[in-house]
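A.B. asks: Next come a sequence and a model predicted from it.
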Amino acid sequence: MHYLDAHDDRKFDPATHQRKDSLFDPIDGKPPAPSLSSEDQTSKSKFISWDQCPDTDKWRLTTKINDSNLQTSYFTKKWIDSQAERWRADADDFDCSSSAVAGTKQIGETKRILWSNWTESVVRDPITSPILFNYDNLVVQSDDVKVMEYKRLLKMLYQYGIVLITGTPTYTQSLPVDAMSESVKRSHGTNAAGGTSETAESAILHLASIIGYHPLQTLYGAGVWSTSCLSSFYSLGCATTSASTADSAYGTTSLPLHTDMTYIHNPPGAQVFLMVQPAVAQASSSNDDDSIIPNGQSLYVDGFAAAKQLFLENPDAFRLLATTPRRYRCIDEVEGWHLEATGPLIETIPSGKNEWGPVKSIRHNDLDRLPDLPPYPSATASTATNDDINNDSFYHRMREAHEAWDDILRRDSMRLVMNLQPGDCVLVANQRCLHGRYAFETTESPRVVMGCYVGMDELSSKWRKAGFRVL
């Protein structure tokens, strides 16, 4: 009853949606000094009655505001049952199925869906794929259809943490013609001679506006960035004149699975990755088995599914990684950046039904992770030797926990491997879905990926506006 009374719409300003029952001095903003004892303060606003209205499903709440004023509020049973659970964490919030199986399209629910055993052929299948979109359907349809597609895109990103959009424009003036492959030159057609078709930059910004409001400014620039193994091409009019390239993404080696910007306090909510020019395919004559020839393939893993699997197999490791803050760092001597942040690898929400769930976010990047700090000295330790023993135990348990996590990430059943083609754009929920890539060889036509970041707050706002639950 306290919750329902406090949630009465009449206690919120209809224009700003801010509370009207929070008293403060209009000049200095100070709250009023208490004039009554706690017992008297409680009795000043008290519940008089809580009863069901005859012949209806509504309940009536009568509250005493002061000695001469009673306030009556009405609530439907459906509303009452839904409100407390709307914002309270539940162990099943992020798991409406044990695992999304390849070949099934689940779009009816709005809970998070864990996925594994996905293959590129299934993700690209317009009949079976729950995450496949076409860029033209997001821009050339009528306004009503576009609104529906926008909400569907937000819903799939919310449920699965990843979306694939095909047919995205790839023409960009930021990529010199002599760095383009012949196939990319042909695909640009007249655009390479100065045509007016949509550019990669404007397409990326359009997608960012759907899942956010504007690109997130980071050390890599204020807008659209571009990575290449030969150099960094910056989009015209969208990025700062200088941005960091102190990142292994600009190389040709493989990248282990990770989430981006673990070294800032609130990492980005989403990334927009547009494949402008893939690495040139290498000869496969030496491939005598079923192994994948490294050619810059993109890797993705559902971090929530990996966390649940760790919990099922090794709850002690899950507990340690969910409760131990780990340190991450990024230094760029040229641009002057020195960023550091801490957080557990697995962040969970306290829940009355499950001590370690649901999982809220993943923060994982072994390349940027600093050594773990030793635990605080034990209050009962009397000598340095005892603390050393405790530290040895801590580091041993941390190593075992991290190895258990790595063992799950290396499983082929967890990893989605994609050969992204020009125009393939992948939207990734950065605090959920891990990404990486295979190595590739340096060629005259570099592998070029363009994109931008969207803030977690902006993405969460879009999800809430679409009616999805964000905890």
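C.D. replies: All right, it came through fine. Just so you know, these numbers come straight off a predicted model, no measurement behind them. Numbering: from 1, shown residues only.
A.B. asks: tally of neighbours for Asp81?
C.D. replies: 11 (other CB atoms under 10 Å). Bear in mind the C-beta positions are built from the backbone N, C-alpha and C, glycine included.
A.B. asks: Tell me how far it lies from Phe75.
C.D. replies: 10 Å (CB to CB, to the nearest Å).
A.B. asks: How about Leu61?
C.D. replies: Following CB to CB, the distance that separates Leu61 from Phe75 is 7 Å.
A.B. asks: Check Val139 too.
C.D. replies: 43 Å.
A.B. asks: Please apply the same query to Pro278.
C.D. replies: For Pro278 relative to Phe75 (CB to CB), the value is 57 Å.
A.B. asks: burial measure for Asp332, as a count.
C.D. replies: If you count neighbours by other CB under 10 Å, Asp332 ends up with 16.
A.B. asks: I'd say it and Leu219 touch.
C.D. replies: Yes: here Asp332 reaches Leu219: they are 6.6 Å apart, a contact under CB atoms under 8 Å.
A.B. asks: which residues touch His206?
C.D. replies: For His206, the contact set (CB atoms under 8 Å, 6 or more residues apart in numbering) comprises Leu138, Val139.
A.B. asks: residue boundaries of the helices in the stretch 1-150 of the chain?
C.D. replies: Using DSSP state H, counting those that start in this stretch, the helices of the stretch 1-150 of the chain run over residues 2-6, 38-44, 77-87, 120-124, 135-139, 143-160.
A.B. asks: Just put these in a markdown table and tack on distance to Asp316 and mean pLDDT.
C.D. replies: As requested, the helices of the stretch 1-150 of the chain are arranged in a markdown table below (distance: least, CB to CB, whole Å; pLDDT from 0 to 100):
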| stretch | distance to Asp316 | mean pLDDT |
| --- | --- | --- |
| helix 2-6 | 36 | 69 |
| helix 38-44 | 43 | 45 |
| helix 77-87 | 30 | 69 |
| helix 120-124 | 34 | 95 |
| helix 135-139 | 45 | 91 |
| helix 143-160 | 29 | 91 |
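A.B. asks: so how far is the strand or helix carrying Ile408 from its chain's centroid?
C.D. replies: In this assignment (DSSP states H and E), Ile408 forms part of helix 384-409. On the basis of CA atoms, centre = their mean, to the nearest Å, helix 384-409 is displaced by 28 Å from the centre of the chain it belongs to.
A.B. asks: Would you give the sheet partners of the host helix or strand of Ile165, along with the direction of each?
C.D. replies: Per DSSP H and E: Ile165 is located in strand 162-166. Its sheet considered, strand 162-166 pairs with strand 132-134 (parallel), strand 425-429 (antiparallel) by DSSP bridges.
A.B. asks: From the chain's centroid, how far away is that strand?
C.D. replies: 15 Å.
A.B. asks: Tell me what angle that strand forms with helix 143-160.
C.D. replies: 140 degrees (axes from the mean of the first three to the mean of the last three CA atoms, to 10 degrees).
A.B. asks: Using PDB, write down the CA coordinates of strand 162-166.
C.D. replies: Provided in PDB are the C-alpha atoms of strand 162-166 (Å, rounded to 0.1, in the frame of the first residue of the first chain):
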ATOM      1  CA  ILE A 162      23.100  -8.400 -31.700                       C
ATOM      2  CA  VAL A 163      21.500  -7.400 -35.000                       C
ATOM      3  CA  LEU A 164      22.700  -7.900 -38.600                       C
ATOM      4  CA  ILE A 165      21.700  -5.300 -41.200                       C
ATOM      5  CA  THR A 166      22.500  -6.100 -44.900                       C
END
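A.B. asks: hmm, who's touching it?
C.D. replies: Under the contact criterion CB under 8 Å, 6+ apart, strand 162-166 has outside partners 123-124, 129, 131-135, 138, 153, 156-157, 207, 300, 302, 416, 418, 423-429, 433.
A.B. asks: how about stretch 264-280: buried residues?
C.D. replies: When burial is assessed from 16 or more other CB atoms under 10 Å, stretch 264-280 yields the following buried residues: 264, 267-280.
A.B. asks: Let me know the average pLDDT across it.
C.D. replies: Stretch 264-280 shows a mean pLDDT of 92.
A.B. asks: tell me the domain ranges of this protein?
C.D. replies: Domains of the chain are assigned by automatic domain parsing as 2-87, 89-281+293-375+395-471.
A.B. asks: And the strands in the stretch 351-471 of the chain, which stretches?
C.D. replies: For the stretch 351-471 of the chain, strands defined by DSSP state E, counting those that start in this stretch occupy the ranges 359-362, 416-418, 425-429, 433-437, 448-454.
A.B. asks: now do the stretch 1-150 of the chain
C.D. replies: Using DSSP E, counting those that start in this stretch, strands in the stretch 1-150 of the chain cover 46-52, 58-66, 69-76, 132-134.
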